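*Asks:* Requesting a structural model of the entry that follows:
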Amino acid sequence: MDPPTEPDGGRLDELISDRRRKLSALRAAGVDPYPAGVRVPDRLAAIRETWDDRLEAGEASGTNVGVAGRLVLRRGHGKLVFLVLREGDAELQVMAQLDVLGEPGMAAVTGLDVGDWVAAEGELIRSRRGELTVQARGVTLIGKSLRPLPDKWHGVRDLETRFRQRYVDLAVNADARRVFAIRSRVTAALRAELTDRGYVEVETPLLHPIPGGATAKPFVTHHDALDIDLYLRIAPELYLKRLVAGGMTRVFEIGRVFRNEGLSPRHNPEFTMLESYEAHADYADIMQLTQALVQRSAVESVGTTSLEYAGRPVELGGDWPRRTMLDLVREATGRDDLDYDLPVDVLRKVCAEHDVGVEDAWGTGKLVLELYEKLVEHALWDPTFVVDYPVEVSPLARRHRDDPRVTERFEPIVAGRELGNAFTELTDPVDQRERLEGQSRARAAGDEEAMAVDEDYLRAMEFGMPPMGGLGLGVDRLVMLLADVQTIRDVVLFPTLRPE
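*Replies:* Presented below is the predicted three-dimensional model:
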């Protein structure tokens, strides 16, 4: 019996009612359809790995196994029934025979529905058709399914259902299981690379009294006991840098951050960031770290640095080129004279020529950034470090040693998307105060994404900070790249959606 294919409302109600009747009958017969503490000694994947290349057709192993999984296929009737159990991505056949299980045992088997969780024990054999099989001496229901599983997904409505009902998506969609297996291996690789380099993993607060560490609109909540407003963190940056000031010279955190922004294929209000800080490093060092993190994640999650994304090849291996933002904008606009010293009205005209909207408060640095984001970023396919961002749009980055108009900041761009943000950190408390006060004025003027002045962070800087380099890497976007999926909803188990 195959699982039903998205039955209509009436048919679905009928199937659910039938399963509820079975549930009531099981309970009336003294059978617990949801037992606790079921012991399952063997994993399906391990059995496959050990036995797939052994046993001839019709041969018995002489080995007894105990397995469990979701029932995904049932065929046969009467004296012989075959069940297929799935655990993760591994599947194994179970053979139930009347002359072994008896009439009560076979009645229980034939009463099973696709979607039920089932345990079985017996000898492992190779069937006459060559299928690795458990010749069951016992079959037990360990979790009754009351709703039928669909067997395929199609159309926009089903995509929405996949994200709302991830438990169903994972049960029937092998590609969803593939993506989240890749995600698990990526986070493990990131941790391993940083740990190998002597970094210490830490945890910093999710609730911040002052929003900081990034330019973004925060979520606001209220703590009743203290009677204060708090903000879900938009970045862990300022707390991690406090730790470096305290003497923890290499720290990192992988965790959720929250930004009160719109939804898009690349944006979810809560997402996962890796942030790391290393004393005595600068942004050139962090470029090497970023490259190593991405390359190790690729090798350990998909086995190669040679990928295909959206039908186009992407090579993550080797050393990635470095291009300044200003040079890229000059090439895109055809204006060799474009410079940060140009009058603002000249840059506004350039923006107008390229349909880039502007605001009165923007200076030359912000205008150059807007031109870059409109004309350049989406066209950078091969891995590229875009370096030297304007001071105006980089309030936490150190000014460039050779050009005070820009900062020692970079973003890694792959397949037209920013994977992260990094810089040589600003450790001068006087300069930092001036920049945060400028941000605060912008916030007071109505910019909800501008930062506030964090006096405790400034106090930490005044105690003395070593030179350092920092990195923020978007884990979700990295997984999107490595798994070859186009929307962040495919890599977040439970994305934010409108209420049903």
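*Asks:* for this structure, which spans come out with low pLDDT?
*Replies:* Regions of the chain meeting the criterion pLDDT under 70 cover residues 1-9, 151-158.
*Asks:* All the helices of the chain, in order from the start?
*Replies:* 9-28, 44-51, 98-110, 155-164, 166-172, 174-196, 237-245, 283-302, 325-333, 344-353, 364-375, 429-444, 455-462, 475-483 (DSSP state H).
*Asks:* hey, which of those is tucked in deepest?
*Replies:* Looking across these with neighbours counted as mean count of other C-beta atoms under 10 Å, the highest average goes to helix 475-483: a mean of 24. Glycine gets a C-beta too; all of them are placed from N, C-alpha and C.
*Asks:* if we can go back for a sec, make TSV from the helices of the chain and add distance to V139 to it.
*Replies:* Shown next, in TSV, are those (distance: least, C-beta to C-beta, whole Å):
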stretch	distance to V139
helix 9-28	14
helix 44-51	15
helix 98-110	5
helix 155-164	31
helix 166-172	20
helix 174-196	25
helix 237-245	53
helix 283-302	37
helix 325-333	64
helix 344-353	70
helix 364-375	60
helix 429-444	65
helix 455-462	62
helix 475-483	36
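*Asks:* Show me the one of those that comes nearest R74.
*Replies:* In terms of C-beta to C-beta, the element of those nearest to R74 is helix 98-110, at 8.4 Å.
*Asks:* Which strands and helices lie in contact with that closest one?
*Replies:* Here helix 98-110 touches strand 80-87, strand 90-97, strand 132-143, going by 3 or more C-beta pairs under 8 Å, 6 or more residues apart in numbering; DSSP states H and E.
*Asks:* let's see 7 Å
*Replies:* Helices and strands touching helix 98-110, by 3 or more C-beta pairs under 7 Å, 6 or more residues apart in numbering; DSSP states H and E, are strand 132-143.
*Asks:* Given the strand it packs on, what are its sheet partners and their directions?
*Replies:* strand 90-97 (parallel), strand 117-126 (antiparallel) (DSSP bridges).
*Asks:* and it, how far from the chain's centre?
*Replies:* Relative to its parent chain, strand 132-143 has a centroid offset of 36 Å by C-alpha atoms, centre = their mean, to the nearest Å.
*Asks:* any idea of the angle that strand forms with helix 9-28?
*Replies:* Strand 132-143 and helix 9-28 are oriented at 90 degrees to each other (axes from the mean of the first three to the mean of the last three C-alpha atoms, to 10 degrees).
*Asks:* mind listing what's buried in strand 132-143?
*Replies:* L132, T133, V134, Q135, A136, V139, T140, L141, I142, G143 (16 or more other C-beta atoms under 10 Å).
*Asks:* The fourth one: what's it in contact with?
*Replies:* If you count contacts by C-beta atoms under 7 Å, 6 or more residues apart in numbering, Q135 has them with M95, G122, E123, I125.
*Asks:* So which bits of stretch 75-87 are buried?
*Replies:* Within stretch 75-87, the residues scored as buried using 16+ other C-beta under 10 Å are V81, F82, L83, V84, L85, R86, E87.
*Asks:* for stretch 195-203, that is, sorry about that
*Replies:* Buried residues in stretch 195-203 (16+ other C-beta under 10 Å): Y199.
*Asks:* how distant is it from the center of its chain?
*Replies:* Counting by C-alpha atoms, centre = their mean, stretch 195-203 comes out at 20 Å from the chain centroid.
*Asks:* Could you check how far the nearest residue to E300 once chain neighbours are set aside is from D175?
*Replies:* Using C-beta to C-beta, 6 or more residues apart in numbering and skipping the chain neighbours, the partner closest in space to E300 is A189 (4.1 Å). Distance, A189 to D175, using C-beta to C-beta, to the nearest Å: 21 Å.
*Asks:* Then A298?
*Replies:* Distance from A298 to D175, by C-beta to C-beta: 19 Å.
*Asks:* do the same with A352
*Replies:* As judged by C-beta to C-beta, A352 and D175 stand 44 Å apart.
*Asks:* Equivalent analysis for Q291, please.
*Replies:* Computed as C-beta to C-beta, the Q291 to D175 distance reads 28 Å.
*Asks:* now do V84
*Replies:* Using C-beta to C-beta, V84 is found at 19 Å from D175.
*Asks:* Please parse the protein into its domains.
*Replies:* Domains of the chain are assigned by automatic domain parsing as 9-143, 170-321+382-490.
*Asks:* so what's the residue of the chain most remote from its centre closest to, chain neighbours aside?
*Replies:* Largest separation from the mean C-alpha position in the chain: D99, at 49.8 Å (C-alpha atoms, centre = their mean). Among residues not flanking D99 along the chain, K79 sits closest, at 7.2 Å (C-beta to C-beta, 6+ apart).
*Asks:* Switch the buried residues of stretch 75-87 over to TSV; also include distance to P343.
*Replies:* Shown next, in TSV, are the buried residues of stretch 75-87 (distance: C-beta to C-beta, whole Å):
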residue	distance to P343
V81	82
F82	79
L83	76
V84	72
L85	72
R86	66
E87	67
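*Asks:* so which of those comes closest to G212?
*Replies:* E87 (45.2 Å).
*Asks:* Does the closest one have any beta-bridge partners, and if so which?
*Replies:* Applying DSSP bridges, one finds that E87 bridges with A90.
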